[in-house]
Each structure stands twice: as C-alpha cells, then as structure tokens.
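A.B. asks: okay, predicted coordinates and the sequence, questions at the end:
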Amino acid sequence: MSGHSKFANIKHKKEKNDAAKGKIFTIIGREIAVAVKEGGPDPANNSKLAAVIAKAKANNMPNDTIERGIKKAAGDGNAVNYETVTYEGYGPSGTAIIVNALTDNRNRTASNVRNAFTKGGGSVGTTGCVSYMFDEKGQIIIDKEECDMDSDEIMMTALDAGAEDFADEEDSYEILTAPEDFETVRKALEDADIKMAQAEVTMIPQNYVELSNDDDIKKINRILDMLDDDDDVQAVYHNWSE
C-alpha cells in the first residue's frame with residue numbers, strides 16, 4: 001500500500017499534542033494502568049503493556065515517568081477502575097468515525113461523545129455500524145528526517161520480523177503488521193536503533209472519503225476537536241481524507 005501518506009496528519013497531531021503534552025501523558029498513564037491491571041507489570045510477559053510503552057516512547061514520555069506509572073498501577077489496589085468503551089458513528093457526508101475511550105463513568109463519556117457528534121452534524125450509531133470499514137493493524141511510522149538508514153535495510157528488518165507491508169512515502173516510511181505481530185516488529189526496529197515517530201495498533205480505513213464542502217469540513221473538525229478535548233477519549237479513527 002502506498003500513495004496515501006498520513007504522516008502530515010500525524011505531524012499535525014503531534015504538534016497539537018506537544019502543546020497539550022500533559023493530556024497525552026494522562027491518556028497514556030491510564031492505558032498503562034489498565035494494561036498492568038489486566039496483564040501484570042512486566043512488559044516481557046504483557047504484550048499490551050509493551051505496546052503502551054512503545055506508544056509512550058513515541059510521544060517522548062520520559063522513562064522514569066513510564067516506570068512510575070507501572071509501579072503505581074502494580075502497587076495501588078485502590079486505583080480508579082477504568083473500563084474500555086468504543087463508540088461508532090457518522091460525521092458529515094457519511095464519514096465514518098470510531099472513538100475509543102477509557103472511563104470511570106460510562107454515562108458521562110457517552111453523553112460527551114454524543115454531544116460532540118451532534119454539534120458537528122453527525123450521529124452516534126450502533127456497535128459495528130462503521131468498524132467493518134476499517135482494518136485493525138499495527139502501524140509504525142518512521143520520519144525520514146530522523147532516520148539515516150537505507151530504506152531497503154529498514155524494509156528487510158521489518159519484513160524479516162513479520163511485517164505485512166512496507167511503504168516508502170514522500171516524507172516517511174510506513175510499516176503495517178497484523179496486531180499480534182506488532183510488538184515483535186516494533187522490538188526488531190528498536191533493537192536496530194530505528195527511531196519511530198509513531199508505533200501503535202490502530203484502525204486503518206479501507207477507503208477514504210473526501211469532503212469538498214466547507215461546511216462539512218467545519219463540522220467534522222468540530223467533532224474531532226471536541227473529542228480531542230475530552231479527557232476520557234483515548235483515540236479517534238476516521239476515514240476522512242484530510
């Protein structure tokens with residue numbers, strides 16, 4: 001797969017994230033807490049925790065902050081219990097949106113998510129209404145400016161470790177894996193000292209929707225901005241071709 005680089009969007013998101021790094025670290029901290037509770041504090045025996053740590057490192061979270069989060073989650077029996085909830089819905093012109101949240105209050109989160117969709121002229125649908133339009137994949141993005149290694153060498157490192165696909169885009173390399181192979185491939189790249197701009201299991205749209213109407217673009221941005229500002233929202237996936 002190639003020809004549809006999302007790296008510009010990732011860089012845009014990271015710039016937004018850098019301005020609100022506290023929020024990003026809070027989000028990842030919750031994910032660490034849930035992963036430790038479900039599978040224990042050792043990333044070698046907890047692939048979910050290993051994936052969250054990879055995400056933390058890609059977002060420049062300091063190692064001591066990560067370790068403190070793991071220790072706190074492992075030793076705090078009174079920690080807040082977060083549960084994972086997923087919402088699916090439609091934005092303007094039938095764009096598909098998936099929202100993943102970690103919450104200690106389902107009613108609050110559902111209300112906030114529904115409000116975001118409504119304010120942007122969209123609607124929350126039933127479970128499964130749009131997720132079939134996406135594929136769950138491990139996705140690793142490497143910024144060409146941050147990597148001096150030859151593209152063939154990166155590709156072979158990734159493919160030998162079990163990656164499904166390698167795309168050489170204008171300003172980045174994109175590696176896709178099956179979700180269960182993500183951690184093995186990520187670790188192989190890390191061991192080869194390859195810096196990753198993004199490394200996480202995500203939802204990749206099978207097809208993208210282009211919006212040409214200014215009002216539609218304004219509406220979907222309203223939805224995405226409101227979801228971004230919600231502390232319960234962990235990730236938002238959509239098939240709008242920005």
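C.D. replies: Now that the structure is in, tell me what you want to look at.
A.B. asks: alpha carbons only for contacts and neighbour counts from here, please
C.D. replies: Noted.
A.B. asks: what about the helices in this protein?
C.D. replies: 7-19, 21-39, 47-58, 63-75, 106-119, 151-160, 182-191, 214-228 (DSSP state H).
A.B. asks: mean pLDDT and mean neighbour count for those - can I get that in CSV?
C.D. replies: Converted to CSV, these look like this (pLDDT from 0 to 100; neighbours: other CA atoms under 10 Å):
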stretch, mean pLDDT, mean neighbour count
helix 7-19, 50, 14
helix 21-39, 85, 19
helix 47-58, 87, 21
helix 63-75, 89, 16
helix 106-119, 96, 17
helix 151-160, 95, 16
helix 182-191, 92, 19
helix 214-228, 94, 18
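A.B. asks: residue 95: which of the ones you listed is closest?
C.D. replies: For these, proximity to residue 95 was assessed by CA to CA; helix 214-228 is nearest, at 8.6 Å.
A.B. asks: what about residue 151, distance to residue 145?
C.D. replies: The gap separating residue 151 from residue 145 is 12 Å, by CA to CA, to the nearest Å.
A.B. asks: give me the neighbour count for the spatially closest residue to residue 209 that is not a sequence neighbour.
C.D. replies: Closest residue in space to residue 209, ignoring its immediate chain neighbours: residue 240 at 4.9 Å, by CA to CA, 6 or more residues apart in numbering. Residue 240 has 20 neighbours, counted by other CA atoms under 10 Å.
A.B. asks: same question for residue 101.
C.D. replies: So residue 101, with other CA under 10 Å, has 24 neighbours.
A.B. asks: and the pLDDT for the residue nearest to it when sequence neighbours are not counted?
C.D. replies: Nearest non-adjacent residue to residue 101, counting by CA to CA, 6+ apart: residue 233, 4.3 Å away. The score at residue 233 is 91. That number is its pLDDT.
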